[in-house]
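Peer 1: quick check, what structure comes out for this input:
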Amino acid sequence: MNRYIDKFLSYMEIEKNYSAHTILNYKSDIEEFFHFAGSSVTLQTIDYLLLRRFLAELRNKNHRPRTVSRKLSSLRSFFKFLQREGHMKENPSKLLMSPKIDRILPKFLSEDEMQRFIESPDISTLMGKRDRAILETLYSSGARVSELVGLNVENVDLFNHMAKVSGKGKKERLVALGAPAMNAIRDYLDHRASNLSALFLNKSKTRLTDRSIRNIVNKYILKASVNAKISPHVLRHSFATHMLNRGADLRSVQELLGHVNLSTTQIYTHVTTDRLKKVYDQAHPRA
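Peer 2: Numbers count the residues shown, from 1 in each chain. Below is the predicted model:
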């Protein structure tokens with residue numbers, strides 16, 4: 001089976017241009033299924049009932065519906081590829097129903113919490129300047145962490161307040177950077193080695209990793225005493241929420257976030273209680 005999996009993963013990387021992280025998830029999901037099916041399974045013996053038993057096994061392990069749905073999606077894509085390549089007559093997964101996924105509103109920080117959080121690094125040190133620039137950039141641009149760690153110095157246009165990032169599917173896009181973010185980046189670059197291409201460096205002067213960014217965010221969440229267990233992605237959620245709360249249109253926020261579908265951005269159309277009260281007070285004749 002390994003050769004079929006390798007062919008599929010190569011297709012995802014070369015023709016679909018998927019990221020290394022996404023391909024790794026596909027590989028993990030497909031290998032999990034074949035581990036369940038056993039070493040004697042062949043493409044001809046994979047059927048609807050075997051897949052149903054696999055989904056039942058996932059539920060017995062108390063996987064969340066979202067996780068089960070992702071694994072099923074990986075298998076659907078794999079079998080669809082094998083059918084198109086002539087290795088399978090039919091796609092055994094086409095009749096499987098995905099579990100219902102509850103709509104989960106993204107977590108975000110209030111504007112006051114965000115300001116306290118971003119301003120918590122000690123900018124009298126080089127690492128503090130770097131961390132302040134990282135937090136300012138994540139919040140100002142709405143960029144993903146993977147996009148941030150991939151930034152090079154030449155990707156940042158200090159004059160036009162823009163940066164070019166490589167997003168999902170290795171698609172490049174421009175993100176905007178506000179004055180505080182640009183000032184923080186300038187301050188950091190003025191004090192670090194100037195002959196290195198990566199924008200954000202660790203103490204060994206090599207490119208930061210996704211895990212490093214997570215550790216930095218956790219450090220300053222505690223320092224700022226923000227009462228929230230968050231990931232770096234919450235800065236992206238907060239960016240979108242604050243933009244919409246202040247009147248930005250959904251289509252523009254979609255472009256800034258790099259979402260392919262508008263429906264992905266629509267999850268941010270939740271409104272805070274304060275905004276609801278404000279709209280009510282302004283609009284209702286007997287408020």
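Peer 1: give me the buried positions along stretch 196-207.
Peer 2: In terms of neighbour count (16 or more other CB atoms under 10 Å), stretch 196-207 has its buried residues at 199-201, 207. In short, each C-beta sits where N, CA and C put it, glycine included.
Peer 1: make CSV from the residues you listed and add secondary structure, pLDDT and distance to Ile134 to it.
Peer 2: Formatted as CSV, the buried residues of stretch 196-207 follow (DSSP: H, G, I helix; E, B strand; the rest coil; pLDDT from 0 to 100; distance: CB to CB, whole Å):
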residue, secondary structure, pLDDT, distance to Ile134
Leu199, coil, 93, 9
Phe200, coil, 94, 6
Leu201, strand, 93, 11
Arg207, strand, 93, 12
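Peer 1: can you redo those residues as a markdown table with distance to Ala184?
Peer 2: Shown next, in a markdown table, are these (distance: CB to CB, whole Å):
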| residue | distance to Ala184 |
| --- | --- |
| Leu199 | 12 |
| Phe200 | 11 |
| Leu201 | 15 |
| Arg207 | 18 |
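Peer 1: ok, the residues you listed vs Leu151, which is closest?
Peer 2: Leu199 (4.2 Å; CB to CB).
Peer 1: the nearest residue to that closest one once chain neighbours are set aside: neighbouring residues, count only.
Peer 2: Excluding its sequence neighbours, the residue lying closest to Leu199 (CB to CB, 6 or more residues apart in numbering) is Leu151, at 4.2 Å. By other CB atoms under 10 Å, 24 other residues sit near Leu151.
Peer 1: report the contact partners of Leu151.
Peer 2: Contact partners of Leu151, counting by CB atoms under 8 Å, 6 or more residues apart in numbering, are 163, 165, 198-200.
Peer 1: what does Leu235 give?
Peer 2: Contact analysis of Leu235 by CB under 8 Å, 6+ apart lists 109, 114, 135, 138-139, 142, 217.
Peer 1: by neighbours, which of those residues wins?
Peer 2: Going by other CB under 10 Å, Leu138 tops those with 26 neighbours.
Peer 1: please identify the helix or strand for Asp122.
Peer 2: Assessed by DSSP states H and E, Asp122 sits outside every helix and strand.
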